[in-house]
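Student: Sharing a model prediction with you, sequence too.
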Amino acid sequence: MTIGVLVVGGAGYIGSHVVHDLVAAGHRVTVFDDLSTGARDNVPDGARLVRGDMRRAEDLDAVLAEQPEVVFHFAARKAAGESMQVPHDYAAHNIAGTLNLLECMHRAGVTRFVFSSSAAVYGSPAYLPIDESHPTNPENYYGYTKLAIEQNLAWFARLSGLSYASLRYFNATGYDLAGRVTVRECGAANLCPVVMEVASGLRESLDVFGGDYDTRDGTCVRDYVHVNDLAAAHVAAMERLLDGDSCLVLNLGSESGSTVLEMIAAASRVIGREIPYRVVERRAGDPASLVASSAKAREILGFSPRHGDLDVIFESMRGVYGL
């Protein structure tokens, strides 16, 4: 079945991967993006790009008048550290902007919504692996913005008939294995892109924050999930909403953890040379280990990450970084 889909933030890192999959599946896709961090070249020819600001109702009303069956939402500020320095900016974009999008959807009678959430809603783990029943206690303002939106989604589902899927990512990484996404993520602060920036000469140094954690090599353990696996999960979530599901809150992770040093070693192996780094003091609020339980996503979406091998992850990034 071919449907009309609106992808807000569809020129960005994860959004563009989802757009490519939606176009490949034959859907009519409109990308709505202000291009502040997204790239026009990441939008495939089969999708229509509309430039606009989701904080402006008139911009959204124009695309929602076309009555898309499903809206995907990827447009957000997402740097945890930055969110603690400029919370008002994150409130304006992540919370107010999303509430404006939901209001415009309601006014247009559009009721299906797939939301890009984050494992940052959980904060430090009370137990591992983290499942969806884990307490939500964000430790940075970015994580709070995602939780605040989720709470509003639950209310809107009860009060106004919204159907939604909120997908809580762990560490999204890699690039499209088919080479369809060619422009690297703007201003990325996560480990994998920083490693590749050092390897390609775009960044001078790589700091490893803490080498004395209670882990197998003293560095933090994180759950890395390839962006192609994330994109497939988004399409599956859309299909569940179309089939009548109404309120899905799901973790998306690989269910396995890799240390910082293991990630650096994998990148070095793929590139064929050592990547220099230095171990510095821990960052405040960094737990030793974060690993997901994705059992619920397996059951409901058939989610089964296929591209979690570390060499595959870094090999998929080489072309984007000119390596």
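Tutor: Structure's in. What do you need? Numbers count the residues shown, from 1 in each chain.
Student: burial measure for the nearest residue to residue 145 once chain neighbours are set aside, as a count.
Tutor: Leaving aside its sequence neighbours, residue 145 sits nearest to residue 94 (CB to CB, 6 or more residues apart in numbering; 3.7 Å). Where C-beta positions appear, they are placed from N, C-alpha and C, glycine not excepted. If you count neighbours by other CB atoms under 10 Å, residue 94 ends up with 22.
Student: can you map out the helices along this structure?
Tutor: Per DSSP state H, the chain has helices spanning 13-24, 57-64, 80-85, 87-90, 97-108, 141-160, 191-199, 227-242, 260-271, 295-301, 310-318. These are given in chain order.
Student: and the third one, which residues are buried?
Tutor: Spelled out, that is helix 80-85. By neighbour count with 16 or more other CB atoms under 10 Å, helix 80-85 contains the buried residues 80, 82, 83.
Student: just to revisit the earlier point, and among the helices of the chain, the most buried is which?
Tutor: Mean neighbour count (mean count of other CB atoms under 10 Å) peaks for helix 13-24 among the helices of the chain, with a mean of 24.
Student: could the buried residues of helix 80-85 be laid out in a markdown table, adding pLDDT?
Tutor: Listed next are the buried residues of helix 80-85 as a markdown table, based on pLDDT from 0 to 100:
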| residue | pLDDT |
| --- | --- |
| 80 | 88 |
| 82 | 92 |
| 83 | 92 |
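Student: what would those residues look like in TSV with distance to residue 219?
Tutor: Formatted as TSV, the buried residues of helix 80-85 follow (distance: CB to CB, whole Å):
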residue	distance to residue 219
80	18
82	23
83	24
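Student: Which parts of this structure belong to which domain?
Tutor: Domains of the chain are assigned by automatic domain parsing as 4-173+225-252, 191-223+255-293+306-318.
Student: The ones you listed: which one's closest to residue 299?
Tutor: Smallest distance to residue 299 across these (CB to CB): 9.5 Å, for domain 4-173+225-252.
Student: ok so, going back, out of the buried residues of helix 80-85, which comes closest to residue 154?
Tutor: Nearest to residue 154 among these, with distances taken as CB to CB, is residue 83, at 22.3 Å.
Student: nearest to residue 181, of the domains of the chain?
Tutor: Closest among the domains of the chain, using CB to CB: domain 4-173+225-252, at 5.2 Å.
Student: how far does that closest one stretch from start to finish?
Tutor: 25 Å (CA to CA, to the nearest Å).
Student: and if you look at stretch 213-220?
Tutor: One end of stretch 213-220 to the other measures 7 Å (CA to CA).
Student: ditto for stretch 214-234
Tutor: End-to-end for stretch 214-234, by CA to CA: 34 Å.
Student: How far does that stretch sit from its chain's centre?
Tutor: Centre-to-centre, stretch 214-234 and its host chain are 12 Å apart (CA atoms, centre = their mean, to the nearest Å).
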